[in-house]
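Visitor: Return atomic coordinates for the entry below.
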Amino acid sequence: MKIRKAVIPAGGLGTRFLPATKAIPKEMLPVVDTPTIQYIVEEAVKSGIEDIVIITGRTKRAIEDHFDKSAELEVRLDDAHKDAQLAQMEAISNLANMIYVRQKEPLGLGHAVMTAREVIGDEPFAVLLGDDVMTGEKPALAQLIEVFNEYDAPVVGVKAVPWTHTNKYGIIRAESAGEHLSRVEGLVEKPQPDKAPTNLAVMGRYVLTPEIFDILKETGKGVGGEIQLTDALDTLCTQRPMYAWELEGRRYDVGDKQGFLEATCEFALANPELKGPFARYLKQLVAQLEGEDIEQN
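Guide: A predicted model of the protein is given here:
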């Protein structure tokens, strides 16, 4: 069955970016000039997704406004003959069929996915987390959809992380099933390095089957007192085959300040208008910092 729908959880409080996220959704913080959530939506669309289900909260209205048509802005751009900007604004509002579901309480990723049940129905679907921005020749989600189509089984996107970082991620226990591919035997949420079965961490991309909803309904609170999607997947893989695909391409953790700054710098250097002047600025800054280090030593 074709994967037509994708869920993007965006109901969290964004506490790691306070005070900026007191009034602005974390997902609307821009990497250069584009909100992080737009990169996620564009990846889904490039992967063949038609319906985007965004799980929102009380303070997330700006996300809906961003993907909506802005008649006044478009008229002003048209009157000013700013054709390129006008085309860009029209493209944003026509990216996909956007559906919004309110998560009344931020009770965890598993709970956020569960709120999309009525919209998803009995279809397989994708989940993309907004903290993970991916770049590469082939969209990360498209890689997982190819695996799903071949094996007709749920699949999660993973990458190897340093063993010292396993307590930041959902970690899989798995057996190799080919190049880049593993058969998932279990998952554990944020294990300490000495308890982690592997260093293969789930990277915010999933293709799931609708059985997950019944499992989530019965899943109790886990790490952090939240309903963890990882715990539900640990149950699902005992009921049917599940695979993990080691994602190709670069991953940025934009939910972390360091990762957000790295993404901003690298995206700026990939921008034709900014690359030259920004690269010169960075060289000057590095030279200045190195000079200060020499003086201090």
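Visitor: And the strands in the stretch 51-200 of the chain?
Guide: Using DSSP state E, counting those that start in this stretch, the strands of the stretch 51-200 of the chain run over 51-56, 97-102, 125-128, 132-135, 155-160, 170-178, 181-189, 200-208.
Visitor: G249: which of those strands is closest?
Guide: strand 132-135 (5.4 Å; Cβ to Cβ). C-beta here means a position set from N, CA and C on the backbone, and glycine is covered the same way.
Visitor: Who are the packing partners of that closest one?
Guide: Counting contacts by 3 or more Cβ pairs under 8 Å, 6 or more residues apart in numbering; DSSP states H and E, strand 132-135 packs against helix 36-46, strand 200-208, strand 250-253.
Visitor: for these, which one ends up most surrounded?
Guide: strand 200-208 (a mean of 25; mean count of other Cβ atoms under 10 Å).
Visitor: Give me the distance between that one and the centre of its chain.
Guide: Distance of strand 200-208 from the chain centroid (Cα atoms, centre = their mean, to the nearest Å) equals 9 Å.
Visitor: Strand 170-178 and that one, what's the angle between them?
Guide: 80 degrees (axes from the mean of the first three to the mean of the last three Cα atoms, to 10 degrees).
Visitor: Please name every helix or strand in contact with strand 200-208.
Guide: Using 3+ Cβ pairs under 8 Å, 6+ apart, the elements in contact with strand 200-208 are strand 125-128, strand 132-135, helix 140-151, strand 155-160, strand 170-178, helix 229-239, strand 243-246.
Visitor: Please save the CA atoms from it in CSV.
Guide: Provided in CSV are the C-alpha atoms of strand 200-208 (Å, rounded to 0.1, in the frame of the first residue of the first chain):
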residue,chain,number,x,y,z
LEU,A,200,22.4,2.3,16.5
ALA,A,201,20.1,5.2,17.4
VAL,A,202,16.7,6.0,16.0
MET,A,203,16.9,9.3,14.0
GLY,A,204,13.4,10.6,13.9
ARG,A,205,12.2,8.9,10.8
TYR,A,206,9.7,6.0,10.8
VAL,A,207,7.3,4.1,8.5
LEU,A,208,4.7,2.4,10.7
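Visitor: just use 803 as the starting number from now, easier for me
Guide: Sounds good: first residue 803 from here, last item strand 1002-1010.
Visitor: okay, the angle between it and strand 983-991?
Guide: 100 degrees.
Visitor: Give me the contact list for whichever helix or strand comes after strand 1002-1010.
Guide: Using DSSP states H and E, the helix or strand that follows strand 1002-1010 towards the C-terminus is helix 1013-1020. Residues from elsewhere that reach helix 1013-1020 (Cβ atoms under 8 Å, 6 or more residues apart in numbering): 912-913, 915-916, 919, 922, 956, 1029, 1031, 1034-1035, 1037-1038, 1041-1042.
Visitor: can you list the strands of the stretch 853-1002 of the chain in TSV and add mean pLDDT and distance to H883?
Guide: Listed next are the strands of the stretch 853-1002 of the chain as TSV, based on pLDDT from 0 to 100; distance: least, Cβ to Cβ, whole Å:
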stretch	mean pLDDT	distance to H883
strand 853-858	95	32
strand 899-904	94	29
strand 927-930	97	36
strand 934-937	93	33
strand 957-962	95	43
strand 972-980	89	50
strand 983-991	92	52
strand 1002-1010	94	40
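Visitor: I'd like those laid out as a markdown table, including distance to Q890.
Guide: What follows is the strands of the stretch 853-1002 of the chain, written out as a markdown table (distance: least, Cβ to Cβ, whole Å):
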| stretch | distance to Q890 |
| --- | --- |
| strand 853-858 | 18 |
| strand 899-904 | 17 |
| strand 927-930 | 22 |
| strand 934-937 | 19 |
| strand 957-962 | 29 |
| strand 972-980 | 36 |
| strand 983-991 | 38 |
| strand 1002-1010 | 26 |
